[in-house]
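1. would you be able to build a 3D model of this:
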Amino acid sequence: MTTQVGRVFDPLSKTSSLPRAGQRPALLQAIAVVAVVVVAIAIPSLASTPADLLEKHVFTEATGASLPYRLARPTDPKPGTRFPLVIVLHGAGERGTDNEKHIRSIVPTYLSAENRTRFPCFLLAPQCPLDAKWTGVVWQEDPHAPQTLAPTYPTRLLIALIEKLAGELPVDRDRIYVTGISMGGSGAWDLVTRRPELFGGAVILCGGADEAVGHRAAAVPVWCFQGAKDDVVRPSLSRNMIAAIERAGGRPRYTELPEAGHTIADEVYRDPAVVAWMFAQRRSPRP
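-> Next comes the predicted model:
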């Protein structure tokens with residue numbers, strides 16, 4: 001079924017300014033400025049930008065291979081409370097080692113003041129090195145190339161990092177989610193078909209994958225989005241993965257945007273229903 005994702009106002013785009021001189025008495029103006037400063041100090045989560053909320057880290061394994069990543073934590077976590085872990089996978093254009101440019105898409109949605117209040121979570125944003133990919137094959141081919149036996153080294157590091165964070169932080173292991181676009185969408189498919197037991201849900205945007213392994217993700221709640229006019233990742237690749245999961249008894253959601261091309265992240269993530277759906281999902285009970 002084809003549905004259209006609606007647009008809503010992005011809370012991150014709000015701007016504000018202090019009153020200009022002359023609009024009110026100087027004393028009242030000074031009091032207003034002090035009040036703004038006090039609020040910003042008292043509630044840093046509402047005054048900070050997404051970049052401010054994301055700690056910079058580098059994960060290094062024994063081989064010396066490393067993976068830059070950013071990590072955001074829930075606001076004012078209460079002792080004994082466990083939180084979802086959201087993994088955001090960027091596209092090919094954001095690869096590198098600067099630990100900066102990969103946080104510009106999707107990440108700000110989860111770090112808006114509204115979503116941090118409604119859906120507190122740990123957010124993990126790894127950065128794939130320039131010489132590698134989240135998957136070991138070309139994700140635009142149709143039919144898709146077979147999934148490689150072993151993950152690429154960035155994905156291997158990412159899986160180890162997820163396990164490490166889930167063991168060290170108060171993470172709800174039934175609510176580990178992955179989302180990604182383009183190369184990151186392919187990476188998300190790769191993760192949920194390699195390690196389906198890890199994930200409570202996935203939101204995947206315009207990413208190709210090997211439909212021959214799609215059945216492995218049958219128990220993972222998946223919502224896949226695809227632009228019908230995408231000339232980078234063919235729509236048939238998303239349709240094939242959804243069909244493979246359905247044949248295996250899964251019940252994925254699929255939304256194809258009839259007038260959209262490859263760049264759909266803003267359109268998808270401005271619909272609050274997408275984030276709400278993700279946080280409502282849980283990992284299937286293990287046998």
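2. which element is the residue nearest the centre of the chain on?
-> When Cα atoms, centre = their mean is applied to the chain, the residue found nearest the centroid is residue 88 (2.8 Å). Assigned by DSSP states H and E, residue 88 belongs to strand 83-89.
3. report the beta-bridge partners for the residue nearest to the centre of the chain.
-> Taking DSSP bridges, one obtains residue 179 as the residues bridged to residue 88.
4. contacting residues around it?
-> By Cβ atoms under 8 Å, 6 or more residues apart in numbering, residue 88 lies in contact with 106, 107, 110, 123, 124, 125, 179, 180, 184. Every residue, glycine included, has its C-beta placed from N, CA and C.
5. do the same with residue 58
-> When contacts are counted by Cβ under 8 Å, 6+ apart, residue 58 touches 66, 67, 68, 69, 99.
6. any idea what the first one is bridged to?
-> To tie it back to what came earlier, the one meant is residue 66. residue 60.
7. so how many other residues sit close to it?
-> The local packing of residue 66 (other Cβ atoms under 10 Å) involves 15 other residues.
8. how about the third one?
-> Close neighbours of residue 68, defined as other Cβ under 10 Å, add up to 19.
9. which other helices and strands does the helix or strand hosting it contact?
-> Assessed by DSSP H and E, residue 68 sits inside strand 66-72. Judged by 3 or more Cβ pairs under 8 Å, 6 or more residues apart in numbering; DSSP states H and E, strand 66-72 is in contact with strand 55-60, strand 122-126, helix 153-168.
10. where does pLDDT dip in the stretch 1-150 of the chain?
-> 1-49, 139-140 (pLDDT under 70).
11. tell me where this protein has helices.
-> 26-42, 44-47, 50-53, 107-110, 113-118, 153-168, 183-194, 235-247, 265-269, 272-280 (DSSP state H).
12. out of the ones you listed, nearest to residue 62?
-> Nearest of the helices of the chain to residue 62, taken as Cβ to Cβ: helix 153-168 at 10.1 Å.
13. contacts for that closest one, please.
-> Residues outside helix 153-168 that contact it (Cβ under 8 Å, 6+ apart): 59, 61, 65-67, 69, 71, 85, 87, 122, 124, 126, 128-129, 132-135, 150-151, 171, 173, 176, 187, 190-191, 194-195, 198.
14. now, of those, which are buried?
-> For the contacts of helix 153-168, a burial check counting by 16 or more other Cβ atoms under 10 Å picks out 59, 67, 69, 71, 85, 87, 122, 124, 126, 128-129, 132-135, 151, 171, 176, 187, 190-191, 194-195, 198.
15. picking that back up, could you dump the helices and strands packed on strand 66-72 into a markdown table with distance to residue 258 added?
-> Converted to a markdown table, those look like this (distance: least, Cβ to Cβ, whole Å):
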| stretch | distance to residue 258 |
| --- | --- |
| strand 55-60 | 40 |
| strand 122-126 | 30 |
| helix 153-168 | 32 |
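16. so of the ones you listed, which one's packed in deepest?
-> Highest mean neighbour count among the helices and strands packed on strand 66-72 (mean count of other Cβ atoms under 10 Å): strand 122-126, with a mean of 25.
17. so which elements touch that one?
-> strand 66-72, strand 83-89, helix 107-110, helix 153-168.
18. for residue 238, which of those is the nearest?
-> strand 83-89 (15.6 Å).
19. now the angle between strand 122-126 and the closest one, please.
-> 20 degrees (axes from the mean of the first three to the mean of the last three Cα atoms, to 10 degrees).
20. from the chain's centroid, how far away is strand 83-89?
-> Put simply, strand 83-89 sits 6 Å off its chain's centre (Cα atoms, centre = their mean, to the nearest Å).
21. now stretch 138-157
-> 19 Å.
22. neighbours around residue 269, how many?
-> Other residues near residue 269 come to 24 when the count uses other Cβ under 10 Å.
23. let's have the helices and strands packed on strand 122-126 in TSV, adding distance to residue 249.
-> What follows is the helices and strands packed on strand 122-126, written out as TSV (distance: least, Cβ to Cβ, whole Å):
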stretch	distance to residue 249
strand 66-72	34
strand 83-89	25
helix 107-110	30
helix 153-168	25
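24. and stretch 240-255, which residues are buried?
-> Within stretch 240-255, the residues scored as buried using 16+ other Cβ under 10 Å are 240, 241, 242, 244, 245, 250, 252, 254, 255.
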